[in-house]
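Asks: Provided below for reference: sequence and predicted model.
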Amino acid sequence: MTSPHFADHFRGHQKAVEDCIAPLQAVSDGVAQALIATLGSGGKVLAFGNGGSATQASHLVEELIGRFKETRRALPAISLVGDTGVLTCIANDFGYDALFERQIEGLAVRGDAVIGITTSGRSQNVLRGLKAARARGATTIALCGRAGLASGGADYVLSVPSDVGAYVQEVHLMLLHVWCIAIDAAIAAGAL
């Protein structure tokens, strides 16, 4: 028996991806150049999110420190979702909404790039983390869904024009990979 869910999901994904090309290409290219500039000037990339977005933040960091397609030097990047001691301390002592803000206050400096991922655009801990990063002079990049960011802002906001969380997350992963491709190309060209 064939499941209609398979074809429906894949077709929905294709439409979501197609709907992103025109509105997101220029800002995505801008992010790629900002990340290359950050890494080229000795800055680091910090990434964070909740749930599936947390795993995507970690995925980006492993691509930068490990490798994407080709073996190259490790690049400085930190996932703010991986240290359970830090996470539980901040959540317990300062509240869950301070989870990323507190880490940004301790780790981010001018010249860094900070990537906050929130499918809904309403995750207070992500919004506060982005705000703290802007206050510290870091370049801020937000990945979200159609609704955009509920408050605050970022230097680059990539709002996936879909209300389906799964499609938003799938496009977010594609964007992270596009940035890895650009970074690797810059290294191969001797520009980074």
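Replies: In hand now; what should we look at?
Asks: Name the helix or strand for the residue nearest the centre of the chain, please.
Replies: By CA atoms, centre = their mean, the chain has its centre lying nearest to I115, at 4.2 Å. Counting by DSSP states H and E, the element that carries I115 is strand 113-117.
Asks: What of A37?
Replies: If you go by DSSP H and E, A37 is part of helix 4-40.
Asks: tell me the contacts of the residue lying closest to G165 once chain neighbours are set aside?
Replies: Distance criterion CB to CB, 6 or more residues apart in numbering; nearest residue to G165, sequence neighbours excluded, is T119 at 5.0 Å. The way it works is simple: take the backbone N, C-alpha and C, and place the C-beta from them, glycine included. Shown in contact with T119 (CB atoms under 8 Å, 6 or more residues apart in numbering): 52-53, 144-145, 165, 168-169, 172.
Asks: Tabulate those residues (JSON lines), appending secondary structure, distance to G129 and pLDDT.
Replies: Shown next, in JSON lines, are the contacts of T119 (DSSP: H, G, I helix; E, B strand; the rest coil; distance: CB to CB, whole Å; pLDDT from 0 to 100):
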{"residue": "G52", "secondary structure": "helix", "distance to G129": "17", "pLDDT": "96"}
{"residue": "S53", "secondary structure": "helix", "distance to G129": "12", "pLDDT": "97"}
{"residue": "C144", "secondary structure": "strand", "distance to G129": "13", "pLDDT": "97"}
{"residue": "G145", "secondary structure": "coil", "distance to G129": "18", "pLDDT": "96"}
{"residue": "G165", "secondary structure": "helix", "distance to G129": "20", "pLDDT": "95"}
{"residue": "V168", "secondary structure": "helix", "distance to G129": "19", "pLDDT": "97"}
{"residue": "Q169", "secondary structure": "helix", "distance to G129": "18", "pLDDT": "97"}
{"residue": "H172", "secondary structure": "helix", "distance to G129": "16", "pLDDT": "98"}
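Asks: Of those residues, just the buried ones, ChimeraX syntax please.
Replies: To isolate the buried members of those in ChimeraX, using 16 or more other CB atoms under 10 Å:
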select :52,53,144,145,168,169,172
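Asks: quick one: which of the contacts of T119 is nearest to R102?
Replies: Among these, S53 lies closest to R102 (CB to CB), at 18.2 Å.
Asks: Thank you, goodbye.
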